[in-house]
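Trainee: requesting a structural model of the entry that follows:
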Amino acid sequence: MNSETPRVFIAATRQNDGKTTTSLGLLAALQKHYPRIGYIKPVGQRFVEVAEHKIDEDTVLMDSVYQLNCPLVDMSPIAVEPDFTRKYLQSSNREALVKKIEKAFDRVAWEKDFVLCEGSGHAGVGSVFDLSNAQVAKVLKAKVVIVSRGGIGKPIDEVALNQALFEKEGVEIIGVIINKVIPDKLEYVTEFARRGLKRKGLDLLGVIPHRTILSNPSVDLIRDELSAELLNSDKRLHNLIDDVVVGAMGVNNAMRFFKPGVLLITPGDREDIILAAATSTGPGQAPQVAGIVLTGGLRPGASVLKVIRGANFPILLAKQDSYEVASKVHDLIVKTRPDDTEKISVIRDLIAKYVDVGKILKGL
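Mentor: Residues are numbered from 1 along each chain as shown. Next up is the predicted model:
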């Protein structure tokens, strides 16, 4: 396997700590030093179908944003399908999986100046089929950057657990990035996290402040999660949601909650609320709400549908009842998508400002 091309492995202490966000921003920062960058996520757990191949959704994101000119199937060589673990435990084939990763890396690294490798969760994820993140980093001969969530005590405790597994596999950790820190505590966390990590023999590479926009889902993400039908134009599907209101009250009371950024959830037969929201602004004006989800599979009548089609924000029709819709929205894991241009711009700026890329490169 290629051992010449510089590489780094981005790991995390848990899922959804900001590993993909960090990778997305680091790619932009690294391109200033290495114009031709490859990307690989050797083991993926959330995937989409692309040309009959199962490709990790983070791989699709990276390729869409940066046009990396690498084969998608090599950037995402192993997709952990629902029965993947069972099949492996019945007839283990670790050597075949390792060879698949090595060959994929060689193709990704072809004519590239640098390769960014992204893990999938904490160091132990994948241990059940003998390809934990620590083992994959060893296969790739890559040094590691660990991403952890904001704070001091908890992230350092979790980093120490991950550190032990990486060190067991003989994998070197360059340092740690702490993500999603309350902005007012940035200096405090930076000072004491650096002290705490130093006691573990680790460098602090950056402390990234929390930005609300990165946690806010778009109406389009809600549509996908609910498999909902769009009843009008898709022009504002990328509206971001920062509050959710269930319209289970009278229309006059409901109107008090019509504000930009609000997702209104209401049964499809509450035509009074639908009409009040849909007619609250005129053409060319800013929408009064981010969007509406009509629940229960209750399709409004023809006259109301005509008004809906003229509304300047997206209105969705979901089969689920209001409680189930609200629960799904509340529990939604917000992932950055290729068309989230505003979020991607914020991510690039955060990594450029708060992460010491030079220290990462020096550590390699």
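
Trainee: domain-wise, how is this protein divided?
Mentor: Listed by automatic domain parsing, the domain ranges of the chain are 7-214+337-363, 219-330.

Trainee: ok, of those, where does mean pLDDT dip lowest?
Mentor: Of all the domains of the chain, mean pLDDT reaches its minimum on domain 219-330 (a mean of 91).

Trainee: got the end-to-end distance for that one?
Mentor: 13 Å (C-alpha to C-alpha, to the nearest Å).

Trainee: between the domains of the chain, which one is nearest to M1?
Mentor: Closest to M1 of these, according to C-beta to C-beta: domain 7-214+337-363, at 4.1 Å. The way it works is simple: take the backbone N, C-alpha and C, and place the C-beta from them, glycine included.

Trainee: end to end, how far does that closest one reach?
Mentor: End to end - C-alpha to C-alpha - domain 7-214+337-363 spans 11 Å.

Trainee: which secondary structure element is home to I55?
Mentor: strand 53-56 (DSSP states H and E).

Trainee: tell me the helix or strand right after that strand.
Mentor: Heading C-terminal from strand 53-56 (DSSP H and E), you reach helix 57-66.

Trainee: which secondary structure elements does the next helix or strand after that next one contact?
Mentor: Under the assignment DSSP H and E, the closest C-terminal helix or strand after helix 57-66 is helix 72-75. Secondary-structure packing of helix 72-75 (3 or more C-beta pairs under 8 Å, 6 or more residues apart in numbering; DSSP states H and E): strand 37-40, strand 53-56, helix 57-66, helix 94-109.

Trainee: run a quick neighbour tally on A137.
Mentor: When neighbours are defined as other C-beta atoms under 10 Å, A137 has 27 of them.

Trainee: cool, and G250?
Mentor: For G250, using other C-beta under 10 Å, the count is 11.

Trainee: next up, phi/psi of it, please.
Mentor: Torsion angles at G250 (phi, psi; degrees, to the nearest 10) stand at phi -60, psi 160.

Trainee: quick one on the thing from earlier: now the domains of the chain in TSV, with distance to M1?
Mentor: Shown next, in TSV, are the domains of the chain (distance: least, C-beta to C-beta, whole Å):
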stretch	distance to M1
domain 7-214+337-363	4
domain 219-330	37
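
Trainee: ok, what's across the strand from G206?
Mentor: Listed by DSSP bridges, the beta-bridge partners for G206 are I177, V355.

Trainee: what residues does it make contact with?
Mentor: Contact analysis of G206 by C-beta atoms under 8 Å, 6 or more residues apart in numbering lists 177-178, 351, 354-356.

Trainee: quick one: which of the helices and strands packed on helix 72-75 is nearest L332?
Mentor: Judging the helices and strands packed on helix 72-75 by C-beta to C-beta, what sits closest to L332 is helix 57-66, at 14.4 Å.

Trainee: how about the closest one as CSV, C-alpha atoms only?
Mentor: Output of helix 57-66 as CSV, limited to C-alpha atoms (Å, rounded to 0.1, in the frame of the first residue of the first chain):
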residue,chain,number,x,y,z
GLU,A,57,-23.2,10.1,2.9
ASP,A,58,-20.2,12.0,4.2
THR,A,59,-18.2,10.9,1.2
VAL,A,60,-21.0,12.3,-1.1
LEU,A,61,-20.8,15.6,0.9
MET,A,62,-17.0,15.9,0.5
ASP,A,63,-17.0,15.1,-3.2
SER,A,64,-20.0,17.4,-3.9
VAL,A,65,-18.3,20.4,-2.1
TYR,A,66,-14.7,19.9,-3.3
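
Trainee: tell me which strands and helices that helix is in contact with?
Mentor: Using 3+ C-beta pairs under 8 Å, 6+ apart, helix 57-66 is in contact with helix 19-30, strand 37-40, strand 43-44, strand 47-50, helix 72-75.

Trainee: Throw these into JSON lines and include mean neighbour count and distance to P338, thanks.
Mentor: Listed next are the helices and strands packed on helix 57-66 as JSON lines, based on neighbours: other C-beta atoms under 10 Å; distance: least, C-beta to C-beta, whole Å:
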{"stretch": "helix 19-30", "mean neighbour count": "23", "distance to P338": "10"}
{"stretch": "strand 37-40", "mean neighbour count": "26", "distance to P338": "14"}
{"stretch": "strand 43-44", "mean neighbour count": "23", "distance to P338": "16"}
{"stretch": "strand 47-50", "mean neighbour count": "14", "distance to P338": "11"}
{"stretch": "helix 72-75", "mean neighbour count": "20", "distance to P338": "13"}
